[in-house]
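> Could you look at this predicted model? Sequence included:
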Amino acid sequence: MIVVVMGVAGSGKTTIGRRLAEALGCPFLEGDALHPAANVEKMSRGIPLTDDDRAPWLAAIRDHILAAIGQKQCLVVACSALKQQYRDFLARGADVSWVYLKGSPELIASRVQHRREHYMKAGMLPSQFADLEEPRDALVVDISPPPEIILDRLLPLLRSRNDSS
């Protein structure tokens, strides 16, 4: 089982992804850790990434997905995957379950404003929402409840979806 937890910055991808991986007994991959240094520097200065900037990052994530499949391992990945073309690229040749963490711009902005250790700042959120193409094939999760409630709701849906595929 390959699960990609997606959404804009501040939607809870890491929090939900880590908890989901633990519940499923899967390794967790923090997609942000695979950004090239140039991308991190650009985002730290408040400059949105382009498709060209994201290409090596997405390729690195895809390599991890394919490696997990090759080793017959499950994997939970946290990755914004904002555009359909990114999701198509990541899923090519892989059976990926998408979990879209959806929340209001106001809620997400308040979360990002309270983060201290992350390079992504609230000023970058408008570009994230502008790039976001909401998925048609994902489990859509409202991010307003606490993480444990989200997980309680998500796990049965995800297991059901994977049992039927």
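All right, it came through fine. Residues are numbered from 1 along each chain as shown.
> Strands along the chain, start to end?
2-6, 28-30, 75-78, 96-102, 138-142 (DSSP state E).
> Backbone dihedrals for the nearest residue to Gln128 once chain neighbours are set aside, both of them.
The shortest distance from Gln128 to any non-neighbouring residue, by CB to CB, 6 or more residues apart in numbering, is to Val8 (4.0 Å). All C-beta atoms are positioned from the backbone trio N, CA, C, and that covers glycine. When read as degrees, to the nearest 10, the backbone of Val8 gives phi -70, psi 170.
> one step back: adding mean neighbour count, distance to Ile150 and mean pLDDT, write the strands of the chain out as a markdown table.
Rendered in a markdown table, the data for the strands of the chain read as follows (neighbours: other CB atoms under 10 Å; distance: least, CB to CB, whole Å; pLDDT from 0 to 100):
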| stretch | mean neighbour count | distance to Ile150 | mean pLDDT |
| --- | --- | --- | --- |
| strand 2-6 | 27 | 10 | 97 |
| strand 28-30 | 17 | 16 | 97 |
| strand 75-78 | 26 | 14 | 98 |
| strand 96-102 | 21 | 8 | 96 |
| strand 138-142 | 18 | 6 | 94 |
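> Out of the ones you listed, the one nearest Leu20 is which?
Comparing the strands of the chain against Leu20 with CB to CB, the closest turns out to be strand 75-78 (5.2 Å).
> List the buried residues in the lengthiest helix in the chain.
As assigned by DSSP state H, the longest helix anywhere in the chain is helix 51-70. Using 16 or more other CB atoms under 10 Å as the test for burial, helix 51-70 gives 53-54, 57-58, 61-62, 64-65, 68-69.
> and it, average pLDDT?
Taken as a whole, helix 51-70 has an average pLDDT of 95.
> Enumerate every residue touching Ser11.
101-103, 108, 111, 143 (CB atoms under 8 Å, 6 or more residues apart in numbering).
> still on that earlier bit, what's the local residue count around the residue nearest to Gln128?
Residues lying near Val8 (other CB atoms under 10 Å) number 24.
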